[in-house]
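Novice: predicted structure and sequence below. I'll ask about it afterward.
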Amino acid sequence: MNTLSMLFVTALAVSPSTATTSTPAPAASTKSKKYKYAYSWKTETKMSTPRSDASATPTTANTILIAGGCVGKQVKTDWGYGCDVVTASAEIFDPKTSTFTATTTDMPSKRYRHTSAHVDGAVYVLGGTNLDYPEPMIATVDMYDVATSTWSTLSPSSDLPFATSDPTSFVIGTKIYYTGGYNTTDYSASMRSWVLDTQALSSGWKEIASAPTERGDAIGVSIDGVGYVFGGFTHTNGFASPVGTLESYSPEKEEWTSLKTMPTARGDKAGAVLHSRFHVIGGETKNKDGKSVPIKDVEVYDPMEKTWQDEGVIPSERFRFMAAAVDNIIYIFGGQKLLVGKQDAADSYYPVSDEVEAFVEDRLAITGVDKKASAGSSLLVTAFAATVATVVAATMMC
């Protein structure tokens, strides 16, 4: 999508026939050495099924697959708060029409707190757990074929050799990298890491160097052939506070590198890549009473400049939501709302959300920046329309 199209997406509300009408928040901006980034939020159509702890995966069809998750409530148990209904259902979100459509069949396995990865028209759903007892770590890999909208389970040779709940993953080329998560027998966080070549599935997973940090509830992304893992929680501090470390993995060097720590440590957040930078959106932290509370900040890491930047806050209060990027927009789906009732009361619970919001970000070369970008989305359209022809080539999405 080019700059002119994106400016109009920023300025206009979603069509009332397909989505909840909303006025986008006024645009704000940040800048790096080479570019200025204008960003704003808008509200989208609500999900067909409220859910948290699911996966959101962009596909080759420029749609987003939402799979599995908690579709009940996070209720009080004898060990804390946990989901009371886990689903195998999945749906496709089409950003062009702001509509949700159920996949032809459900996933083969009910699961939540899993990760997912898209490679060459297939979405692979990995790890996670469900409500069986004792709490399992799901080793089988379910695969969604985007072209046929059907699910299947890979052969046992592709089962995860070290399955965990709350893992993360990223893709480089045809290979899926899987790292971290929890062993549900004692909730110790893992640093072990694995790789699966989707062009050689029968060869199974191969263990690679372990990540520097033991963690679950992290997020993984890849940019220009490098994987990045950030945030999460760990047993090493008794889950008292989230992890702020950021680490990268180079498949060429076969090694991990510790990078600049996140400004705001967080777990159970969402992350996605726009304009060769990754965006850390919202998340969970603990207050002084040990209660899980949402973080609203959006922070962005630029691997080229090795810097973090603030890009405002999300409009709603929630965490454990899912995020995926299509074109110049990151969509966040569902999640867990604020606690209802008194902390640790038998009837207290966290409701699950059906909200969908979109973070719109435009990138412009510094020489083409309009100084009034912060005045609002409509001003962005007016200011940039006259010069868009000269900058469009430089601002196309890669």
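Specialist: Received it, and whenever you're ready, just let me know what you need.

Novice: show me what counts as buried in stretch 337-344.
Specialist: Residues 337, 339 are the ones in stretch 337-344 that count as buried (16 or more other Cβ atoms under 10 Å). (Glycine included, C-beta is placed from N, CA and C.)

Novice: show me what contacts Asp120?
Specialist: Counting by Cβ atoms under 8 Å, 6 or more residues apart in numbering, Asp120 makes contact with 60, 174, 198.

Novice: burial measure for the last one, as a count.
Specialist: Spelled out, it's Thr198. 18 (other Cβ atoms under 10 Å).

Novice: so how far is Val119 from it?
Specialist: Summarising the geometry, the distance separating Thr198 from Val119, computed by Cβ to Cβ, to the nearest Å, is 5 Å.

Novice: common neighbours of those two, please.
Specialist: Joint contacts of Thr198 and Val119 (Cβ under 8 Å, 6+ apart) are 174, 176.

Novice: and for stretch 200-215, what's in contact with it?
Specialist: Residues external to stretch 200-215 that are found in contact with it (Cβ under 8 Å, 6+ apart): 154-155, 157-162, 177-180, 188-197, 229, 231-236, 243, 245, 247, 249, 254-256, 258.

Novice: let's see which of the residues you listed end up in strands.
Specialist: The members of these that map onto strands under DSSP state E are 177-179, 188-189, 193-197, 229, 247, 249, 255-256, 258.

Novice: quick one: secondary structure of the residue nearest to Gly244 when sequence neighbours are not counted?
Specialist: Closest residue to Gly244 apart from its sequence neighbours, by Cβ to Cβ, 6 or more residues apart in numbering: Ala265 at 3.3 Å. Using DSSP: H, G, I helix; E, B strand; the rest coil, the structure places Ala265 in coil.

Novice: could you do Met304 as well?
Specialist: Under the three-state scheme (three-state DSSP), Met304 adopts coil.

Novice: the closest residue to Leu126 other than its chain neighbours: how many residues sit nearby?
Specialist: Leaving out its chain neighbours, the residue that sits closest to Leu126 by Cβ to Cβ, 6+ apart is Thr115, at 5.2 Å. The burial metric for Thr115, expressed as a neighbour count using other Cβ under 10 Å, is 25.

Novice: OK, contacts around Thr115?
Specialist: Thr115 makes contact with 55, 125-128, 167-169, 178, 220, according to Cβ under 8 Å, 6+ apart.

Novice: for the stretch 1-150 of the chain, which spans come out with low pLDDT?
Specialist: Scanning the stretch 1-150 of the chain for pLDDT under 70 picks out 1-27.

Novice: on that earlier part again, and the contacts of Thr115 as TSV, adding neighbour count and distance to Arg111?
Specialist: Compiled in TSV, those are given as follows (neighbours: other Cβ atoms under 10 Å; distance: Cβ to Cβ, whole Å):
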residue	neighbour count	distance to Arg111
Ser55	26	9
Val125	29	7
Leu126	28	9
Gly127	28	8
Gly128	29	4
Pro167	29	12
Thr168	29	15
Ser169	28	14
Tyr178	27	14
Gly220	24	18
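
Novice: cheers, nothing more for now.
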